[in-house]
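A.B. asks: Based on what follows, work out the 3D shape:
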Amino acid sequence: MPPPGTRETEHEIMVRAPAAKVYQLIAEVENWPRIFPPTVYVDSEERHGRDERIRIWATANGEAKNWTSRRRLDPDALRIDFRQEVSRPPVAAMGGAWVIEPSSDRAAPETRVRLLHDYRAEDDDPDKLAWIDRAVDGNSHAELAALKAHAELEPGTGGLLMTFSDDVWVDGRAADVFDFLNEARHWPRRLPHVERVSLREDTPGQQLLTMDTRTKDGSTHTTTSVRVCLPHTKIVYKQIHVPPLMTLHTGEWELTPEDGGVRATSWHTVMINEANITKILGPEAGLPGARDFVRSALSANSLATLRHAKDYAERRG
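C.D. replies: Numbers count the residues shown, from 1 in each chain. Next up is the predicted model:
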């Protein structure tokens, strides 16, 4: 029996894909930031056989949260059990399971996915429990819908997803480059393509960044990102409000020691919003043009940021 005050919930969805494929998408946590809308970053901290310890950064009710969980993977039973090792307020304890149930129809494989949760609120406070109820319900619906959409992607749609990078070498310290990238509140006066920034950092190293950015054609767009800042090696982010030509944008500022300095690299993973290509780029535009447009715009701003970070670090060096 669960402890008094424990809430138990279950959410489910049917997925037109083989059970093994669905299981793999959930088992491989490196997939999560590009599949699950709430997930920003996942770090697999240790693994022993089928037991794994992971740290997760994600959003809940619009707030940035992070926690550590233990998982037990069972590929034979198509089940993954999880339990938070270190919960964050207002959660006192939380666990659950992904349960993957294949259909018997081999000709048209369909899989039932059940997502189970059990949780308690701090001090068994009813207001805190209501907050957790909303977060679990909202995130569960979002994750299951995204899992279904990703698992059911038709062959040939891989061109919508692309990953690319830009980099500069810096004759300076990684700590100084990191400071420039981390201190985004100063970007409007440090970066010519940034017009406005709003930055919240309620938890050290976990930021909510809203930014107005100007592109090469003079237009501006507003984005909101959750950023995970890991001194002095990387800053990982996920846009939770993306421009209309994208349905997904995750990225990483990576700092690697090299030749007495540091290699600063900007990584982007983007999913093109195919439905908006002609609306934004004109009736003759297609996917290749959209890919080129997005890459050109993002690379221009990334390289501008990297070059200013380089100047900043080398002046301090």
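
A.B. asks: confidence score at residue 86?
C.D. replies: Residue 86 carries a pLDDT value of 85.

A.B. asks: what about the closest residue to residue 74 other than its chain neighbours, neighbour count?
C.D. replies: Leaving aside its chain neighbours, residue 74 sits nearest to residue 50 (6.6 Å; criterion: Cβ to Cβ, 6 or more residues apart in numbering). Placement of C-beta: from N, CA and C, glycine included. Residues within reach of residue 50, counting by other Cβ atoms under 10 Å, total 14.

A.B. asks: mind listing what residue 89 touches?
C.D. replies: Neighbouring residues of residue 89 by Cβ atoms under 8 Å, 6 or more residues apart in numbering: 122, 128.

A.B. asks: Does it belong to a helix, a strand or coil?
C.D. replies: For residue 89, the assignment made with DSSP: H, G, I helix; E, B strand; the rest coil gives coil.

A.B. asks: Look up phi and psi at it.
C.D. replies: phi -50, psi 140 (degrees, to the nearest 10).

A.B. asks: any low-confidence regions in the stretch 151-300 of the chain?
C.D. replies: Applying pLDDT under 70 to the stretch 151-300 of the chain flags the ranges 154-158.

A.B. asks: For it, just list every one of the strands.
C.D. replies: Remark: strands assigned in the stretch 151-300 of the chain by DSSP state E, counting those that start in this stretch are 161-170, 194-203, 206-214, 220-230, 234-241, 246-258, 261-272.

A.B. asks: tell me what the helix or strand containing residue 53 is packed against?
C.D. replies: Per DSSP states H and E: residue 53 is located in strand 51-60. Identification of packing neighbours for strand 51-60 by 3 or more Cβ pairs under 8 Å, 6 or more residues apart in numbering; DSSP states H and E yields strand 39-48, strand 63-74, helix 126-151, strand 220-230.

A.B. asks: List the buried residues for the last one?
C.D. replies: This means strand 220-230. By neighbour count on 16 or more other Cβ atoms under 10 Å, the buried set for strand 220-230 is 223, 225, 226, 227, 228, 229.

A.B. asks: Same question for the third one.
C.D. replies: Buried residues in helix 126-151, counting neighbours by 16+ other Cβ under 10 Å, are found at 128-129, 131-132, 135-136, 138-140, 143-144, 146-148, 150-151.
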